[in-house]
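K.L.:
Here is my input; please provide its structure:
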Amino acid sequence: MSSRVDAGARRSRREGDRRAAGQGPDMRRVAYRETHSSRAAVAIVAAVLVMVLAAYGLLEAAVHAIGQPAWLIEPQVAAQRIVELPAGIPPLLLGAVGAVLAMAGLIFVLNGILPGRRARHLLAGAGQASGGPAVVVDDEVIASSLARRARLAANVTPEQVMVVVSQRQVLVNVRPTSGVPVDGGTVLAAVQDELDQMELEPSPEARVNVTPTGVIGA
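P.N.:
Predicted coordinates:
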C-alpha cells in the first residue's frame, strides 16, 4: 500500500514539474521582443488615419444626403478634381504634396518590411534556448567596453578612441598621439578578442581605422 502511495506521489511531482516548466516564459520570445522594436505605434497611426478619412467621408456623404452644403468639399467635386489632376494645381505644390505622400508611404512600407532591430545585442551563451535567463546588452555598453580595450591596446587616451556598434559591424576609430605610431592589427586583435569573449548574437565584424593625423600629447 505504501509503495503505491509513494509511486503516486512521485508521479504527481513529475506532472507538477512538467506543468511548471510549461508555464515558464518562452525566453526566445522574450529576447526577440527586447531586441526588436514594436510596430504598434506605426500601426496605431495608420489605423487613426484610416478612421479619420473614413469618418470624414461618412460625414460628407451624410451632409450631402440630407441636402445640406458640404462641410469642406462635395464628394463629387473632390472625385472630379482627383480625376483631373494635375490640372488646376501649381507644379511646385503638386510636387511637394507628392513628395510628402511618397515619404509617408515609404515609412510605412519600411516599417512593415524591415526587422526593426533595436540598438541591442543578445549574449549567445546566456542559455535562453534551454529555458535559462536571456541577457540583452545595449550597444552603448558594448561600445564602451570595446573602446576601453582598444584604448589599452593603442596606449592612447579615452578621447582618442571612438567606437560605433551596429548589428553586423563594429567600427573602431583611433587617433594616435603625434610621434607615437599605433599598430592597427594589434588593436583589431584586442577588439576581436573582446568580442569573442562577449559571444554576441548576431556576431558583428570588427574594423579598425587609424587616422593618419594624430593629436598633440599632453
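K.L.:
Just the buried residues of the helix or strand hosting Ala102, please?
P.N.:
Counting by DSSP states H and E, the element that carries Ala102 is helix 91-113. Neighbour-count burial for helix 91-113 flags 108, 111 (criterion: 16 or more other CB atoms under 10 Å). In this view, the C-beta of every residue, glycine as well, is placed from N, C-alpha and C.
K.L.:
which helices and strands does it pack with?
P.N.:
Applying 3 or more CB pairs under 8 Å, 6 or more residues apart in numbering; DSSP states H and E, one finds that helix 91-113 makes contact with helix 40-65.
K.L.:
For the helix holding Ala102, C-alpha coordinates in PDB please.
P.N.:
Provided in PDB are the C-alpha atoms of helix 91-113 (Å, rounded to 0.1, in the frame of the first residue of the first chain):
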ATOM      1  CA  PRO A  91       3.500  72.100 -60.300                       C
ATOM      2  CA  LEU A  92       5.600  73.100 -57.200                       C
ATOM      3  CA  LEU A  93       2.700  72.400 -54.800                       C
ATOM      4  CA  LEU A  94       1.900  69.200 -56.600                       C
ATOM      5  CA  GLY A  95       5.500  68.000 -56.300                       C
ATOM      6  CA  ALA A  96       5.600  68.900 -52.600                       C
ATOM      7  CA  VAL A  97       2.400  67.000 -51.800                       C
ATOM      8  CA  GLY A  98       3.600  64.100 -53.900                       C
ATOM      9  CA  ALA A  99       6.900  64.000 -52.000                       C
ATOM     10  CA  VAL A 100       5.200  64.100 -48.600                       C
ATOM     11  CA  LEU A 101       2.900  61.300 -49.600                       C
ATOM     12  CA  ALA A 102       5.700  59.200 -51.000                       C
ATOM     13  CA  MET A 103       7.800  59.700 -47.800                       C
ATOM     14  CA  ALA A 104       4.900  58.700 -45.600                       C
ATOM     15  CA  GLY A 105       4.300  55.600 -47.800                       C
ATOM     16  CA  LEU A 106       7.900  54.700 -47.700                       C
ATOM     17  CA  ILE A 107       8.000  55.000 -43.900                       C
ATOM     18  CA  PHE A 108       5.000  52.600 -43.600                       C
ATOM     19  CA  VAL A 109       6.500  50.200 -46.100                       C
ATOM     20  CA  LEU A 110       9.900  50.100 -44.400                       C
ATOM     21  CA  ASN A 111       8.300  49.600 -41.000                       C
ATOM     22  CA  GLY A 112       6.400  46.600 -42.400                       C
ATOM     23  CA  ILE A 113       9.400  45.000 -44.200                       C
END
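K.L.:
Domain parsing of this protein, as residue ranges.
P.N.:
Domain assignment for the chain, taken from automatic domain parsing, gives 40-113, 121-210.
K.L.:
And the next helix or strand past the helix holding Ala102?
P.N.:
Going down the chain from helix 91-113, the next helix or strand is strand 120-123, by DSSP H and E.
K.L.:
quick one: that next one to chain centroid distance?
P.N.:
12 Å (CA atoms, centre = their mean, to the nearest Å).
K.L.:
So in terms of bridging, what pairs with Leu171?
P.N.:
On the basis of DSSP bridges, Leu171 is bridged to Val164, Arg207.
K.L.:
what's the burial count for it?
P.N.:
16 (other CB atoms under 10 Å).
K.L.:
does it really touch Val191, like I thought?
P.N.:
No - if you go by CB atoms under 8 Å, Leu171 and Val191 don't touch, sitting 10.1 Å apart.
K.L.:
Alright, calling it a day.
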